[in-house]
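Peer 1: Pasted the sequence and its predicted model underneath.
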Amino acid sequence: HGGGRVAAGVPARSQSVAWRLAEAGRIRPGSVALQRGDITSKWPLTGKVRGLRQKRADFSDRISRWRPEQPSAATTIICVGVSASACGIPANAQAHVLSVTVVPPAPVGYLTLWPVMIYGQSGGGSKVTCLMGMPSAAGLFHRASVQSGGGGNIPSADLSRELARQIMKELGLQPNDLASLQKMDWAKLNAAGNAAVAKINPQAPPTTGPGSAPNPVPRAGFSPTVDGRIVTVRSFYDVAPEISKNVPMLIGNVSEEGNRMSSRPTEAEWHATLARSMGESKAAAFIAAMKKAHPDRSIRLLSYGVNGISSRNNVQRMVRLKYEQKGAPVYQYYFTWQSPMLEDAGAWHTAELAFCFDNTKRCEQGTGNTPEALALVKKMATAWANFARTGNPSQPGLTWTATDPTRCQTMVFDNRCRMVDDPEGELRRILLS
């Protein structure tokens, strides 16, 4: 659709893209291409409307033959200037569709289309889960990775309005004085925002922090807001959105999410901190279980691991929501590699990024770029690249199986990479109790 004769209602720019694709030798204008490995089949969609309907039905019949529920890793469907549903492509195959509609003009001669993967870490993980529930983002990406974050309990529109009113009060401005707000010094605005957030939100418990599970009470802040129009759900907090059901996911975290290098608690100080948030008996049981599970680690390093265990619970909640959709698979990981470069650093919040981006040399101050780091980076970067390309992170010699909420099958990334059922399961269940 976009070749000309049945282009009614298709923007001229879409038709231009169709011709550019044709000139690049990728696809003929007015057609849909199904590419599988080295086999390319094309069905023209030009002609009279009633003929088009028949060709769409024929296309739908033929496309079903390649088992869209288990598509080839090399399968890509390209629809030029028309939606996948309009082509009759089954819903469970639409995650493999690249639909070219209105895009900026591209240089004539070459245009390559690839599946799009989005992934974010910490607050970036929350951006990924938010996008997975936004109707305006539907179909714009085909894989998603959520790393040490995600599934936030974001505020309602009413709570965000309350925050805005409080900020204006802190600044001494009238509620609608936007002109003065736009001229405000950034430092003063930032201070007023922090003061307003502190007044509106309840105090967070000591165990919250980087990578930990979202607070059960929505907190006001500078974040997405459930406005019912752009952001319609608390994605992967309340529900796994239907619009991203067919997008496969990676979800995981690191073991020492709570690393604050300035924190050096004694065991008594750590015990007191935990007791304030979870009670004396639960704190004692948790510390004993942590010491039993990791007898070689210092109290300081164990204290950094509390957020890592909390984050494991957040991962399991998102995994359960995704799994229960019965759509695309979900894979989970746990990064536990201990840096040799920094005292009691462990696997700190963001530590995995050097590995999945193949940047251990660039981040040598943290990784050492040691032989062990080089062996691990090859496996992790390959897994992320394979997932982006095919939707499956497995590689020769390291099969990564999809997870479910019963076994919690998890790829542990360390000097010895391996699949483990529910690593740190006993510890995370103590936190849940």
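Peer 2: Alright, I've got the coordinates.

Peer 1: for the stretch 251-400 of the chain, what spans make up the strands?
Peer 2: 330-335 (DSSP state E, counting those that start in this stretch).

Peer 1: what does the stretch 101-250 of the chain give?
Peer 2: So, for the stretch 101-250 of the chain - with DSSP E, counting those that start in this stretch - the strands run 117-121, 143-147, 249-254.

Peer 1: Return the most buried member of those strands.
Peer 2: strand 249-254 (a mean of 28; mean count of other C-beta atoms under 10 Å). All C-beta spots, glycine's among them, are computed from the backbone N, C-alpha and C.

Peer 1: dump the residue contacts of residue 297.
Peer 2: Residue 297 sits next to 305, 346 when contact means C-beta atoms under 8 Å, 6 or more residues apart in numbering.

Peer 1: whoops, I mixed them up, residue 242
Peer 2: By C-beta under 8 Å, 6+ apart, the neighbours of residue 242 are residue 325.

Peer 1: can we see that at 6 Å?
Peer 2: Applying C-beta atoms under 6 Å, 6 or more residues apart in numbering to residue 242 gives no contacts.

Peer 1: Relative to residue 142, how far out is it?
Peer 2: 16 Å (C-beta to C-beta, to the nearest Å).

Peer 1: hmm, back to that, of all the strands of the stretch 101-250 of the chain, which lies closest to residue 170?
Peer 2: Residue 170 lies closest, by C-beta to C-beta, to one member of the strands of the stretch 101-250 of the chain: strand 117-121, at 30.4 Å.

Peer 1: by contact count, what packs against that closest one?
Peer 2: helix 123-132, strand 143-147 (3 or more C-beta pairs under 6 Å, 6 or more residues apart in numbering; DSSP states H and E).

Peer 1: what would the ones you listed look like in CSV with mean pLDDT?
Peer 2: As requested, these are exported to CSV (pLDDT from 0 to 100):
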stretch, mean pLDDT
helix 123-132, 95
strand 143-147, 96
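
Peer 1: Residue 312 is nearest to which of the strands of the stretch 101-250 of the chain?
Peer 2: Of all the strands of the stretch 101-250 of the chain, strand 249-254 comes closest under C-beta to C-beta, at 6.4 Å.

Peer 1: what pairs with the closest one, and is each one parallel or antiparallel?
Peer 2: Strand 249-254 sits in its sheet next to strand 143-147 (parallel), strand 330-335 (parallel), going by DSSP bridges.

Peer 1: got the angle between that strand and helix 123-132?
Peer 2: Relative orientation of strand 249-254 versus helix 123-132 (axes from the mean of the first three to the mean of the last three C-alpha atoms, to 10 degrees): 160 degrees.

Peer 1: Now do the helices in this protein.
Peer 2: Listed in chain order, the helices of the chain (DSSP state H) span 12-23, 49-63, 123-132, 157-171, 178-183, 186-200, 267-278, 280-293, 299-324, 353-356, 364-367, 371-390, 425-432.

Peer 1: Out of those helices, flag the one nearest residue 400.
Peer 2: helix 371-390 (6.5 Å).

Peer 1: With the flanking residues excluded, which residue is spatially nearest to residue 177?
Peer 2: Once flanking residues are discounted, residue 177 sits nearest to residue 168: 7.2 Å by C-beta to C-beta, 6 or more residues apart in numbering.

Peer 1: if I pick residue 145, what's in contact with it?
Peer 2: For residue 145, the contacting residues are 119, 250, by C-beta under 6 Å, 6+ apart.

Peer 1: got a markdown table for the helices and strands packed on strand 117-121, with distance to residue 195 too?
Peer 2: Output for the helices and strands packed on strand 117-121, formatted as a markdown table (distance: least, C-beta to C-beta, whole Å):
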| stretch | distance to residue 195 |
| --- | --- |
| helix 123-132 | 21 |
| strand 143-147 | 31 |
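
Peer 1: Tell me which of these sits nearest to residue 163.
Peer 2: Across these (criterion: C-beta to C-beta), the nearest stretch is helix 123-132, sitting at 17.5 Å.

Peer 1: what comes up buried for the closest one?
Peer 2: Going by neighbour count (16 or more other C-beta atoms under 10 Å), the buried part of helix 123-132 is 124, 125, 126, 127, 128, 129, 130, 131, 132.
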